[in-house]
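Chemist: Fold the following and give me the result.
(one chain, ligands or ions: 1)
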Amino acid sequence: MDKTSTYTLNNGYNVPVVGFGTIIPDGEQTVSAVKDAIKSGYRLIDTAEIYGNEVSVGQGIREAMVENNLKREDILVSTKAWHSHRGYEKTTVAFNESLQKLGLDYVDIYLIHWPANAKWHDDWRELNADTWRALEDLYKVGKIKAIGVSNFLAHHLKALIEDSEIKPMINQIEYHPGFAQTEAAEYAQSQNIQVEAWSPFGGPGSNVLKDATVNEIAKKYGKQPSQVILHWLIQKNIIPLTKSTSINHMRDNLDDFDFELTGSEMNAIDKSPYSGGFQFDPDTAKS
Ligand SMILES: NC(=O)c1ccc[n+]([C@@H]2O[C@H](COP(=O)([O-])OP(=O)(O)OC[C@H]3O[C@@H](n4cnc5c(N)ncnc54)[C@H](OP(=O)(O)O)[C@@H]3O)[C@@H](O)[C@H]2O)c1
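Modeler: Reported below is the predicted structural model:
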């Protein structure tokens with residue numbers, strides 16, 4: 001496996017084994033980070049309407065395509081419907097707005113950003129299914145190549161699978177040392193749904209990269225702690241979505257494929273002490 005490797009989703013669509021996240025302030029910072037990321041070798045770019053930077057992400061992608069002689073189909077673009085746009089009609093409108101902002105005529109991956117939950121919605125199940133129908137219809141007409149969800153716990157995903165025609169292809173969840181969502185990830189994988197990890201380094205200001213076990217293993221292999229974390233995820237067949245505005249970090253995060261963690265090292269990282277996570281619990285978050 002190397003940085004050009006892909007996984008095949010349950011609909012046959014191929015997605016890169018690593019992706020680039022774009023929670024970056026809108027404007028020139030996002031444009032240049034996306035261009036640097038594509039130049040460094042990233043081929044999966046993750047954004048969301050709530051990040052407020054789809055216009056800049058689209059601009060960065062278009063400029064990078066010209067500068068690196070790439071075709072549209074060489075780059076996968078992923079975006080998400082926010083919870084204020086749940087339901088069939090609102091989601092359809094939100095999708096078309098995202099498409100327009102990105103300046104594209106299709107997106108590769110479109111996700112429901114958060115599940116409606118039972119704490120705030122008596123009809124949470126119907127609401128998620130109704131939102132999902134919009135994704136299914138947009139998928140059927142070719143506006144989206146692969147549809148999925150984000151922040152769905154196992155019971156949200158199980159309900160959606162039971163209530164819908166097309167099974168999700170992706171679940172994007174928070175996953176990092178000290179916050180391994182094993183149950184959600186293993187349930188998705190048991191259903192042949194690809195898992196993506198958001199905040200693989202715990203997000204900005206986190207101590208995840210200082211985790212003692214990760215650092216001990218990094219020392220042994222002469223690698224960066226970040227590279228050990230990425231390997232831990234890749235060896236679980238989880239796609240890490242790393243964000244960086246530093247070109248050196250971007251390159252480091254794509255350059256970690258020439259070593260392998262042992263089973264006991266994988267288990268040791270699984271047991272890292274809680275490092276933060278679930279600032280918003282999908283079961284209780286007001287949304
Ligand atoms: N679906 C959801 O609800 C959801 C929620 C949150 C995030 N996401 C997605 O997941 C992506 C990643 O998560 P995130 O933005 O929270 O951050 P992250 O990938 O966990 O990164 C956290 C910080 O680590 C630093 N970093 C990156 N590579 C490094 C390296 N090799 N060595 C040392 N430091 C490094 C970055 O700072 P520098 O810029 O200084 O490198 C970054 O600010 C997001 O951008 C977004 O696309 C999705």
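Chemist: first to last residue in stretch 99-109, what's the distance?
Modeler: Stretch 99-109 has an end-to-end distance of 11 Å (criterion: C-alpha to C-alpha, to the nearest Å).
Chemist: Could you give me the buried positions within that stretch?
Modeler: For stretch 99-109, a neighbour-count test (16 or more other C-beta atoms under 10 Å) marks 99, 101-102, 104, 106-109 as buried. (Glycine included, C-beta is placed from N, CA and C.)
Chemist: just curious, which of those residues is nearest to the ligand?
Modeler: Ranked by distance to the ligand (C-beta to the nearest ligand atom), the buried residues of stretch 99-109 are led by residue 109 at 11.5 Å.
Chemist: after the helix or strand the closest one falls within, next one along is what?
Modeler: Take DSSP states H and E as the rule and residue 109 turns out to sit in strand 107-112. Per DSSP H and E, the first helix or strand lying C-terminal to strand 107-112 is helix 124-140.
Chemist: Would you list the phi and psi of the residue in the stretch 1-150 of the chain that the ligand sits nearest to?
Modeler: Using C-beta to the nearest ligand atom, residue 21 is the residue of the stretch 1-150 of the chain that sits closest to the ligand, at 2.3 Å. Recorded main-chain torsions at residue 21 are phi -100, psi 150, according to degrees, to the nearest 10.
Chemist: Might you report the residue contacts of it?
Modeler: 46, 198, 241-243 (C-beta atoms under 8 Å, 6 or more residues apart in numbering).
Chemist: Among these, which ones are in helices?
Modeler: Judged by DSSP state H, those include no members of helices.
Chemist: ok, and of those, which contact the ligand?
Modeler: 46, 198, 241-243 (C-beta under 6 Å from any ligand atom).
Chemist: Could you identify which of these has the most neighbours?
Modeler: residue 46 (27 neighbours; other C-beta atoms under 10 Å).
Chemist: Looking at that one now. What's its pLDDT?
Modeler: On the pLDDT scale, residue 46 is placed at 98.
Chemist: Is it bridged to anything, and to what?
Modeler: residue 21, residue 78 (DSSP bridges).
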